[in-house]
Structures are given as structure tokens and as C-alpha cells.
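**Q** 3D model of this:
(one chain, ligands or ions: 1)
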Amino acid sequence: MITISNLTKSFGTFDAVKSVSLSVPKGAFLVLVGPSGCGKSTILRMLAGLEKPTGGTIAFNDKTVSDGERGWTIEPSQRDAGLVFQSYALWPHMTVSGNVEWPLKVARMPSAERKARVHEVLTLLDIETLGARYPSEISGGQQQRVAIARMIAPKPGILLFDEPLSNLDAKLRIEMRTELLRVHRATGATSVYVTHDQVEAMTMASHVAVLKDGRIEQFGAPGDLVAAPRTAFVATFVGTPPANLIVVEPAGDGRIAFAGEVLPAGFALDRPAQAMFRPENLGVSDRPGARTIALEFAEASPVAGRVMITGTRGDLRLTAVVNDAPKFAPGDSVHFAIPETPAALYAPGGELLA
Ligand SMILES: Nc1ncnc2c1ncn2[C@@H]1O[C@H](COP(=O)(O)OP(=O)(O)OP(=O)(O)O)[C@@H](O)[C@H]1O
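**A** Numbers count the residues shown, from 1 in each chain. Next up is the predicted model:
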């Protein structure tokens with residue numbers, strides 16, 4: 001179990017992490033996701049004990065390991081947490097087995113037990129035949145497996161991952177996601193995983209925290225975030241593809257105005273807002289219709305037997321996912337049909353209205 005309470009971190013006058021609170025049960029796979037600079041690595045480094053919080057506390061299994069108010073933090077090596085970075089940082093002069101055995105030597109585990117444990121984790125990661133090789137003699141994907149084997153060898157209760165798959169090619173990354181989850185389950189540990197890739201977050205997490213500017217925008221199960229995004233930012237950040245957000249203004253007589261168009265609306269609006277429409281709720285046509293708006297065709301791509309069409313006009317960008325669509329060429333007009341009622345309405349500042 002991990003409990004983070006009012007965690008803050010300032011670098012001089014800059015607040016990188018602002019009063020973050022969340023709690024996950026033992027065995028959870030928590031993903032911290034958000035755009036570059038949102039503070040996710042700083043939170044992970046505080047969990048690892050590499051960085052002292054400015055305020056707030058971190059507890060592992062009800063034991064406080066960092067306390068910002070009192071200004072103390074338990075050493076990284078004493079926290080029962082293992083860390084894997086984006087760069088594998090294996091010791092080049094040691095074999096694969098030597099690398100994995102090292103933390104066990106440091107922990108003074110007897111030799112026979114050490115050898116058995118090394119064999120066990122290399123087998124778990126499917127690299128038991130590579131034990132005698134040096135890091136320069138194995139592939140990037142294999143090196144990352146060794147780094148993970150080395151982290152889990154001493155059986156830490158908390159596994160920390162900082163963008164561990166971002167150096168791998170796309171296919172290997174997808175394979176390694178499944179592998180990592182298998183290892184996570186086999187260890188029974190609680191994992192925290194940092195990524196800027198929302199697809200990775202949504203496919204791997206039991207719990208997701210979406211971060212922006214050092215704050216949690218929303219914390220919950222992946223499905224809940226997609227089904228009910230609490231802020232406009234979350235709505236446009238999660239989902240494949242993410243939802244459309246249109247700035248709308250009241251235009252009198254139950255109508256709304258956006259992007260120079262006026263359409264009848266199925267909802268009351270008395271001030272400007274951001275309306276969210278899901279890609280699967282928009283229609284596309286090569287001809288105008290009753291509730292359509294014309295955008296310039298940008299791109300089309302197949303997604304799981306359906307087709308995703310994107311159009312742009314100035315700042316407005318709409319994406320629809322439909323069963324089939326006419327063939328569009330660059331420069332064509334795509335007429336997007338807009339439902340009467342949006343899936344959600346957000347204030348101009350991003351808070352959920354309805
Ligand atoms: N040691 C430091 N001194 C000053 N500012 C820092 C320091 N470490 C991080 N920051 C700043 O804190 C903010 C959060 O950084 P952090 O590395 O946590 O972001 P991130 O979400 O992990 O981003 P990325 O995905 O780019 O790694 C950034 O604006 C960063 O410049």
C-alpha cells in the first residue's frame with residue numbers, strides 16, 4: 001500500500017509538485033501520466049527517496065518513509081523500493097548474472113541462495129540463457145529485462161519505473177508492457193509507473209493519476225477516466241482517440257455558435273463553454289446536412305475495423321470514428337455531423353459543468 005498525502009516539492013520558487021494526495025492498495029499498478037514537466041518524475045524520485053519533499057508525507061504500508069514538514073526521508077536503500085530508469089544503467093564490466101547478483105551481495109545474501117535467486121529472476125524474465133553475456137552483447141530489450149531482473153532480485157515491496165520502455169521500438173514496447181505486468185503480478189509488489197504515453201497508462205494501470213502543472217487532474221481506474229473525465233484536460237488527454245472539445249457560445253433561441261456556425265442545441269447555455277463530443281458520436285459525410293460543419297480533410301486511418309477521420313479549420317480540429325466513410329483527398333471538405341447534446345460541458349477554465 002502506498003499513501004501520498006499533500007505532497008509538495010519546490011525547486012527554489014518553482015513548485016514542481018503541488019499538494020498531491022492519493023492512495024493505492026498493495027498489488028496495485030499505479031501509473032502517473034501527464035505531459036512533459038507535469039512533475040511525474042519528481043514524484044517518483046520522492047517515492048524512491050532520491051528527492052526530499054518540501055511538504056507532505058509518503059507512507060509505504062502505513063510506515064512513513066518521507067516527511068516534508070519534519071524534513072526527513074528514509075535512504076533509498078532502506079525503503080524496500082526498487083527503481084528502473086529509462087536508461088538501463090547496467091554495469092558494463094559485469095555479466096548479466098553479475099549485474100542481477102550485485103544487489104543481493106550488497107544485502108549479504110549467502111552465495112548458494114544468491115545463485116538460486118539469480119536463476120529464478122532470470123527465468124521469470126525469460127533471459128536465463130543470457131547469464132554469462134555482458135551488457136554490450138545483448139539487445140536493448142534484453143538489457144531492459146536485465147535491469148528489471150536486477151531491481152526485483154532483492155524482492156522489494158514497491159517497484160518504481162520511470163519511462164522504462166521509451167527507448168524500445170514500438171513492437172517491443174507493446175510486448176514488454178505485457179511482460180512487465182506479468183512480472184508485477186508474479187512479485188505481488190505494488191508498482192508505480194511513470195509515462196507520458198496515455199495509451200501505455202490506460203492499458204497497464206489499475207489506478208491512473210493524470211497530472212498537469214504539478215497537480216492531479218483526476219485519479220481513478222482507467223475506464224472511469226475515459227467514461228467520466230472530470231476536467232477538459234483529461235477529456236482531451238485520455239482515450240483512443242481522445243474526445244473532441246469545441247468552444248461554444250450561446251446564440252439565442254436554444255442555439256449555439258462555434259467556429260462561425262450556428263446550430264440548434266439540445267441543451268441550455270447561458271455563457272461560453274467547452275463542449276465535449278466523443279469521436280464515435282460524430283458522423284462524417286462528403287455533403288452538408290442539417291447539423292453539419294465543414295472542415296478541411298486532414299487524415300484518415302483504419303482503427304480496429306472502423307475508420308478514423310480528422311478535419312481541421314483554424315484552431316478547430318475534429319476527429320470522428322465511423323464504420324465507413326467516403327474517400328477524401330487532401331483539400332476536400334469533410335462535413336462532420338454534430339450531435340444535439342454533448343457528452344459533457346466544461347467551463348472555459350476546464351471544470352466540469354454538466
Ligand atoms: N532539480 C531541479 N531543479 C529545478 N527544477 C527542476 C528540477 N527537477 C525538475 N525540475 C522542474 O520541475 C518540473 C517537473 O519536472 P519532472 O521531471 O518531474 O517532470 P516530468 O513530468 O517527469 O517531465 P518529463 O516527462 O519531461 O520527464 C519541470 O518544470 C522541471 O523543469
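**Q** Now for the closest residue to the ligand within the stretch 251-354 of the chain, how many residues are close by?
**A** As assessed by Cβ to the nearest ligand atom, the ligand sits closest to Gly350 within the stretch 251-354 of the chain, at 18.7 Å. In short, each C-beta sits where N, CA and C put it, glycine included. By other Cβ atoms under 10 Å, 17 other residues sit near Gly350.
**Q** Not counting its neighbours along the chain, what's nearest it?
**A** Ala232 (4.0 Å; Cβ to Cβ, 6 or more residues apart in numbering).
**Q** Tell me how many other residues crowd that neighbour.
**A** Residues near Ala232, counting by other Cβ under 10 Å: 25.
**Q** my guess is it contacts Val247, does it?
**A** No - the pair Ala232 and Val247 fails to qualify as a contact (Cβ atoms under 8 Å) at a distance of 10.0 Å.
**Q** Mutual contacts of the two, please.
**A** Counting by Cβ atoms under 8 Å, 6 or more residues apart in numbering, the shared contacts of Ala232 and Val247 are Gln274.
**Q** pLDDT score assigned to the closest residue to the ligand within the stretch 51-200 of the chain?
**A** At 4.9 Å from the ligand, His196 is the closest residue in the stretch 51-200 of the chain, using Cβ to the nearest ligand atom. His196 is assigned a predicted lDDT (pLDDT) of 93.
**Q** residue farthest from the centroid of the protein?
**A** Asp253 (42.0 Å; Cα atoms, centre = their mean).
**Q** can you tell me how far that residue sits from Val17?
**A** Shown here: Asp253 relative to Val17, a distance of 47 Å by Cβ to Cβ, to the nearest Å.
**Q** Arg79 too?
**A** Counting by Cβ to Cβ, the gap from Arg79 to Val17 is 18 Å.
**Q** Same drill for the two, tell me which one is more crowded.
**A** More crowded of Arg79 and Val17, by other Cβ under 10 Å: Val17, with 27 against 22.
**Q** A helix includes the more buried one, no?
**A** No - counting by DSSP: H, G, I helix; E, B strand; the rest coil, Val17 is located in no helix; its state is strand.
**Q** for it, which residues make a bridge with it?
**A** Val17 has these beta-bridge partners by DSSP bridges: Lys9.
**Q** Could you report the pLDDT at it?
**A** 98.
**Q** Repeat that for Phe85.
**A** 80.
**Q** List phi and psi for the closest residue to it other than its chain neighbours.
**A** Nearest non-adjacent residue to Phe85, counting by Cβ to Cβ, 6+ apart: Asp162, 5.0 Å away. The phi/psi pair for Asp162 (degrees, to the nearest 10) reads phi -110, psi 100.
**Q** burial count for Asp162?
**A** Asp162, neighbours per other Cβ under 10 Å, totals 20.
**Q** Quick check: neighbours of the least confident helix or strand in the chain by mean pLDDT in the sheet, parallel or antiparallel?
**A** Across the helices and strands of the chain, mean confidence by mean pLDDT, DSSP states H and E is lowest for strand 261-264: a mean of 84. When pairs are called by DSSP bridges, strand 261-264 turns out to pair with strand 255-258 (antiparallel).
**Q** tell me which residues of the strand it pairs with are tucked away?
**A** Buried residues in strand 255-258, counted by 16 or more other Cβ atoms under 10 Å: Ile256, Ala257, Phe258.
**Q** likewise stretch 236-254?
**A** Buried, per 16+ other Cβ under 10 Å, within stretch 236-254: 236-239, 241-246, 248, 250-251.
**Q** Residues contacting whichever helix in the chain runs longest, please?
**A** Secondary structure of the chain per DSSP state H: the longest helix is helix 170-187. Residues from elsewhere that reach helix 170-187 (Cβ under 8 Å, 6+ apart): 29, 124-126, 140-141, 144-145, 148, 152, 155, 159, 161, 164-166, 168, 191, 193, 200, 203-204.
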